[in-house]
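Asker: Any chance you can model this:
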Amino acid sequence: MNTTRLHDWHVAAGAKMAPFAGYDMPITYPLGAVEEHNLCRRSVGLFDIDHMGQVEVQGPGADEFVSRLASAKILDMAANDARYSLLLNERGTVIDDLFIYRLKSSWWIVVNASNRLEDLAWFNKHKPAGVSLVDHSDSTYMIAVQGPRAIELLDLCAKDKISAYPRFTSGRTSILGVDCLVGRTGYTGEDGVELFFSAEAAVALWTGLLAAGRKHGIETAAIGLAARDSLRFEAGMPLHGHEISQAIYPLESNFKWACDFDKEFIGKAALEKLQAEGLKRKLVTLDVTGGIPREGFEVQSADGKTIGTVVAGMFCPSVKKMAANALIDPAYAKLGTALKVVIRGAGKDAVVVKRPLYLPTYRR
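Answerer: You can find the predicted model right below:
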């Protein structure tokens, strides 16, 4: 089991630890998952996300190489821009989802921990001569600082004003004396950043941000993976292995917007074929009454016909609802459609509702 450099801090802070993507990670702290979720929505949450991987691509042909791998349009990105994309196989299903940063002379690609080795193998399989591919995952640390007061806190700690960075851009600056690549990105639906810096500085920067919050009267706390899951779920963001995977087409999970059909990318032909044939299932969000829906639970029509399966479900603290994401027959995907989710052998009332449940700040 891998551990991050903050592992001892998490344990000392009373975190409940559990395996995630090959790492022993904090799931909740003594505050509890619901209060951690709410704290991030009202102030500042810190997330240890060093299980994520970082790959740098550069050299002659790097632009075309990254463009062919990424489903999204990326060649129009200016230096310091950041963009979400998918990494697809030839079948058109999702190997991983990525955040791609265009730096001054290279591409910085953030990959998911559980997919890191497979992603690297895929990159190397398709890499042309002359393109350099460097895995910085072990030497680089990654922390997310998220919440409505995150930028306020960071402006007090950084050499340069982080508030001057537009959403979905990046830049380099010093935060509490630590040189950081700062991405104005996140996975919570709130404003904030994701920080990349030398792994040697992990404890100093983490504890320094917590101390700065106390000093300036800005409520700041560590947030575990349970709350991170509910935050992303409410904001309509996918988790690989649930809403997206190598068994799910991005068109099924409403990610056509992340695929630029005006350029060539691996998996495009398969998606065009699927579009022509029509979808056989579609991702919807369900408001569920009478129990907590979980992954794998059966979804039924009002008359008891099996029409799909829950891919993720939980209590959503911001909207105070039990909700599920489910892949179902598109004929039942219209908003307001009454359905059932089978929980402990009984069909519980559910209704198709508008996604996302919580509108991310960058869409307001």
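Asker: what residue lies at the spatial centre of the chain?
Answerer: Tyr187 (4.6 Å; C-alpha atoms, centre = their mean).
Asker: Which of the three states applies to that residue?
Answerer: Three-state call for Tyr187 (DSSP: H, G, I helix; E, B strand; the rest coil): coil.
Asker: Ok, Asp8 next?
Answerer: Under three-state DSSP, Asp8 comes out as helix.
Asker: re earlier: which residue, other than its chain neighbours, is closest to the residue nearest to the centre of the chain?
Answerer: Once flanking residues are discounted, Tyr187 sits nearest to Arg232: 5.1 Å by C-beta to C-beta, 6 or more residues apart in numbering. Heads up, the C-betas are built off the backbone N, CA and C, glycines and all.
Asker: what does the helix or strand encompassing the one you found contact?
Answerer: Here Arg232 is covered by helix 225-234, with elements defined by DSSP states H and E. Helix 225-234 is contacted from outside by 20, 25-28, 33-34, 36-37, 40-41, 45, 47, 146, 187-190, 238-239, 312, 314-319, 323, 325, 356-358, using C-beta atoms under 8 Å, 6 or more residues apart in numbering.
Asker: Tell me the first helix or strand C-terminal of it.
Answerer: helix 268-277.
Asker: Only alpha carbons, please: show the longest strand anywhere in the chain as CSV.
Answerer: Across the chain, the longest stretch assigned as strand under DSSP state E is strand 306-316. C-alpha atoms of strand 306-316 as CSV (Å, rounded to 0.1, in the frame of the first residue of the first chain):
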residue,chain,number,x,y,z
THR,A,306,-35.6,-3.4,-15.2
ILE,A,307,-34.3,-0.5,-17.2
GLY,A,308,-30.8,0.2,-15.8
THR,A,309,-28.3,0.2,-13.0
VAL,A,310,-27.1,2.8,-10.4
VAL,A,311,-23.4,3.7,-11.0
ALA,A,312,-23.1,6.0,-7.9
GLY,A,313,-25.4,7.0,-5.1
MET,A,314,-25.3,8.8,-1.8
PHE,A,315,-26.7,11.4,0.5
CYS,A,316,-26.0,14.9,-0.9
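Asker: just checking, what packs against the helix or strand that it is followed by?
Answerer: Of the helices and strands lying after strand 306-316 in sequence (DSSP H and E), the nearest is strand 321-328. Here strand 321-328 touches strand 282-288, strand 298-301, strand 306-316, strand 338-343, going by 3 or more C-beta pairs under 8 Å, 6 or more residues apart in numbering; DSSP states H and E.
Asker: In CSV, could you pull the C-alpha coordinates for the second one?
Answerer: The C-alpha atoms that make up strand 298-301 are tabulated as CSV, following Å, rounded to 0.1, in the frame of the first residue of the first chain:
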residue,chain,number,x,y,z
GLU,A,298,-31.3,-2.1,-10.0
VAL,A,299,-33.4,0.7,-11.6
GLN,A,300,-36.9,-0.1,-12.6
SER,A,301,-39.7,1.6,-14.5
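Asker: so what strands line up beside that strand?
Answerer: Applying DSSP bridges, strand 298-301 is found paired with strand 306-316 (antiparallel), strand 338-343 (antiparallel).
Asker: Identify all contacting residues around it.
Answerer: So strand 298-301 is in contact with 286, 306-310, 324, 326, 328, 332, 339-342, 347, 350, going by C-beta under 8 Å, 6+ apart.
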